[in-house]
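Student: Build the 3D model from these lines:
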Amino acid sequence: MSFVIWIAAGLGTAAAVIGIIFSVRTSLYRFVDGRIAAYQKDLMVKHYEEVQNIYREMRGWKHDYHNHIQTMKAYRRLNEDAKLDEYLDDLDDDLTNVDTLIKSGNVMVDAILNSKLSLARSRGININAKAVVPSELSISEIDLCIILGNLLDNAMEACLKLSNEEDRHVRVYIDIKRDQLYISVTNTSGEKINKQNGRYLSGKGGNHGFGLMRVDRLVDKYRGYIKRRDEEDAFSTEILLPL
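Tutor: Numbers count the residues shown, from 1 in each chain. Have a look, this model is predicted:
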């Protein structure tokens, strides 16, 4: 009888342990789901802000275009051909400088890069960007855009901590090197980057910390290479991904 009681007690204990494990796992899943949901919501807010900024720029171009037409019509009515020609030359130079859209060769990459860079410029961040990306990739374009989006978000956040706008710089360089996609993002920084066990930590709190982990996991997913450098006044990330 005692043996039966011992078995029953053992089964009861095992059931209790299983119940605890199940409860903890369920709570953990709920916690992770909540963090991911909050992170995704934060991304949606950022994307909305980026699109709104592009719309503002488009409205500005439309307003300028209208003014240019009115000015040229006025010169024409006054028969000021020389001034009209000079105005057209100045306008041509101005439009050349305004055409800062990145045309990498990949439509989806162009969309994320131009939205992020447009947002950066609206925040007083100087941008130097060059990108060459194949139209077709072996890796997921969505994953690539997540990587680029997180890199640029971190770069912009670091720049915004600099009080002087002239010190805010971001350099983006993407090209093909030895059948691999090379990505380099460098930004000026005014503070020491946190490290733990040799790994860089995001300076952002809350859900933003998912950004760096997300990049690392996606690079690992494709067996790529990632290297981060923390210099005196700049921070850079280099990534190689298979094509």
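Student: Which parts of the protein are helices?
Tutor: Along the chain, the segments classed as helices by DSSP state H run 2-77, 81-98, 107-122, 141-160, 210-221.
Student: Can you flag the weakest of those helices by average pLDDT?
Tutor: Mean pLDDT per stretch puts helix 2-77 lowest among the helices of the chain, at a mean of 63.
Student: How is this protein divided into domains?
Tutor: When the chain is parsed with automatic domain parsing, its domains come out as 2-97, 101-242.
Student: Now do Leu218 against Asn67, distance only.
Tutor: Taking C-beta to C-beta, to the nearest Å as the measure, Leu218 falls 45 Å from Asn67. All C-beta atoms are positioned from the backbone trio N, CA, C, and that covers glycine.
Student: These two: which is more packed in?
Tutor: Leu218 (21 against 9; other C-beta atoms under 10 Å).
Student: Could you find the closest non-adjacent residue to that one?
Tutor: Nearest-residue entry for Leu218: Asp143, 5.0 Å, with adjacent residues in sequence omitted and distances by C-beta to C-beta, 6 or more residues apart in numbering.
Student: Contacts only, for the one you found.
Tutor: Applying C-beta atoms under 8 Å, 6 or more residues apart in numbering to Asp143 gives the contacts Leu218, Lys221, Tyr222.
Student: The second one: neighbour count?
Tutor: Right, the one you point to is Lys221. With neighbours defined by other C-beta under 10 Å, the count for Lys221 comes to 12.
Student: Tell me how far it lies from Leu240.
Tutor: For Lys221, the distance to Leu240 under the criterion C-beta to C-beta works out to 14 Å.
Student: How about the first one?
Tutor: For Leu218, the distance to Leu240 equals 13 Å [C-beta to C-beta].
Student: repeat for the last one
Tutor: For Tyr222, the distance to Leu240 equals 10 Å [C-beta to C-beta].
Student: Give the residues shared as contacts by these two.
Tutor: Here Tyr222 and Leu240 share no contacting residue, scored by C-beta under 8 Å, 6+ apart.
Student: how about Pro134, what does it touch?
Tutor: For Pro134, the contacting residues are Gly105, Asn106, Ile176, Leu181, Leu243, taking C-beta under 8 Å, 6+ apart as the criterion.
Student: Could you check the pLDDT of it?
Tutor: On the pLDDT scale, Pro134 gets 92.
Student: Distance check, it against His169.
Tutor: 28 Å.
Student: same thing with Gly211?
Tutor: Counting by C-beta to C-beta, the gap from Gly211 to His169 is 20 Å.
Student: So for those two, which sits in the more crowded spot?
Tutor: Gly211 (22 against 17).
Student: hang on, the more buried one packs against Leu148?
Tutor: No: in terms of C-beta atoms under 8 Å, Gly211 does not count as a neighbour of Leu148; the distance is 11.6 Å.
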